[in-house]
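**Q** Okay, sequence plus prediction incoming.
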Amino acid sequence: MNMLLLDKNDFVSPVRVSISGRRFTRLKDFIHIDIGKNIKAGVRNTSCGTAVVTALTSESAELDYTPLTPPPPAPPLTLIIALQRPQTFSKVIHSAVTIGIKKIHFIHTFKVEKSYWQSSRLLPENLQEEIDLALEQSADPVEPQLFFHRRFKPFADDELENIAGNSLRLFGDPAGTAPVPVRGTPVTLALGPEGGFTEYEINTLKEHNFNAMSLGTRILRTEFALAALLGKLLF
């Protein structure tokens, strides 16, 4: 935990918060809090600052919060990614949120198993926990927007243009030749399932002016491909 993520309902006064449950356990076990300890904190979707421990019990802590700075800027990138198998889905969420992506669209493609949509990882409470852990890791209190599209063709026909807008449009493909864009260029990046996009899906993306970008001939796991592509595009 690199930042204590606070919600508005944690505040028991204009400056004082009360923390219990998972966050208190992590503060106790990993940060070893004590009275007077100053820790990095942030209020969800609002500000970054510091919090000073003012009271402790065996199950909760009270802290005084001081806002100091706005949240870190988000990279100009929108991610479109095929829904992954549950274990990989969690890794994708963590990687994308940690790097600061604020709009993530999960889509169904031909090689996505329909059972993935029934995973408990997609339940709101489990999604929220994954997001919160990534926000705490990256010290960024601003939540991403997650969207789920269960049919590829309606998504491509009805929503893709509005999502991509005036951004540079790229998709991951080993045969891609698109150059790395200038840093700071708004990008919409599409990634397929581990088996890749089908020819029909690739042609559909190309019809919407998406160009293929490659990491080389090696076939990578989705979470590694995502991290590598984000590294090329953002840093």
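**A** The structure has been received and is ready for your questions.

**Q** any chance you could map the strands in this structure?
**A** Counting by DSSP state E, the chain forms strands over residues 4-6, 16-20, 38-43, 47-56, 60-69, 77-82, 103-107, 145-149, 168-172, 187-191, 211-213, given from the N-terminal end onward.

**Q** would you turn those into CSV with mean neighbour count?
**A** For glycine as for every other residue, the C-beta is placed from the backbone atoms N, C-alpha and C. Written out in CSV, the entries for these read as follows (neighbours: other CB atoms under 10 Å):
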stretch, mean neighbour count
strand 4-6, 24
strand 16-20, 17
strand 38-43, 20
strand 47-56, 18
strand 60-69, 16
strand 77-82, 23
strand 103-107, 20
strand 145-149, 14
strand 168-172, 22
strand 187-191, 23
strand 211-213, 18
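
**Q** Including distance to Val97 and mean pLDDT, could those go into JSON lines?
**A** Supplementary listing: the strands of the chain in JSON lines, determined by distance: least, CB to CB, whole Å; pLDDT from 0 to 100:
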{"stretch": "strand 4-6", "distance to Val97": "12", "mean pLDDT": "98"}
{"stretch": "strand 16-20", "distance to Val97": "21", "mean pLDDT": "97"}
{"stretch": "strand 38-43", "distance to Val97": "14", "mean pLDDT": "97"}
{"stretch": "strand 47-56", "distance to Val97": "16", "mean pLDDT": "97"}
{"stretch": "strand 60-69", "distance to Val97": "20", "mean pLDDT": "97"}
{"stretch": "strand 77-82", "distance to Val97": "10", "mean pLDDT": "98"}
{"stretch": "strand 103-107", "distance to Val97": "8", "mean pLDDT": "98"}
{"stretch": "strand 145-149", "distance to Val97": "9", "mean pLDDT": "98"}
{"stretch": "strand 168-172", "distance to Val97": "19", "mean pLDDT": "95"}
{"stretch": "strand 187-191", "distance to Val97": "15", "mean pLDDT": "96"}
{"stretch": "strand 211-213", "distance to Val97": "22", "mean pLDDT": "94"}
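
**Q** Thr222: which of the ones you listed is closest?
**A** Counting by CB to CB, Thr222 lies closest to strand 187-191 out of the strands of the chain; the figure is 6.5 Å.

**Q** so the closest one versus strand 77-82, what angle?
**A** 20 degrees (axes from the mean of the first three to the mean of the last three CA atoms, to 10 degrees).

**Q** gap between Lys40 and Ser214?
**A** Using CB to CB, to the nearest Å, one gets 38 Å for the distance from Lys40 to Ser214.

**Q** my bad, should have said Asp158
**A** If you measure Asp158 against Ser214 using CB to CB, the figure is 29 Å.

**Q** go on, His94?
**A** Distance check for His94 against Ser214: by CB to CB, it reads 24 Å.

**Q** Compare the two (neighbour count), which wins?
**A** Neighbours around His94 and Ser214, counted as other CB atoms under 10 Å, are more numerous at His94. The numbers are 17 against 13.

**Q** Can you show me the helices along this structure?
**A** Secondary structure of the chain, counting by DSSP state H: helices at 21-26, 86-99, 124-138, 152-158, 160-164, 199-207, 222-234.

**Q** Output the fifth one as PDB - backbone C-alpha positions only.
**A** Written as PDB, here are the backbone C-alpha positions of helix 160-164 (Å, rounded to 0.1, in the frame of the first residue of the first chain):
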ATOM      1  CA  LEU A 160     -16.100   2.300 -31.700                       C
ATOM      2  CA  GLU A 161     -16.000   5.600 -33.600                       C
ATOM      3  CA  ASN A 162     -17.200   7.600 -30.600                       C
ATOM      4  CA  ILE A 163     -14.800   5.800 -28.300                       C
ATOM      5  CA  ALA A 164     -11.800   6.400 -30.500                       C
END
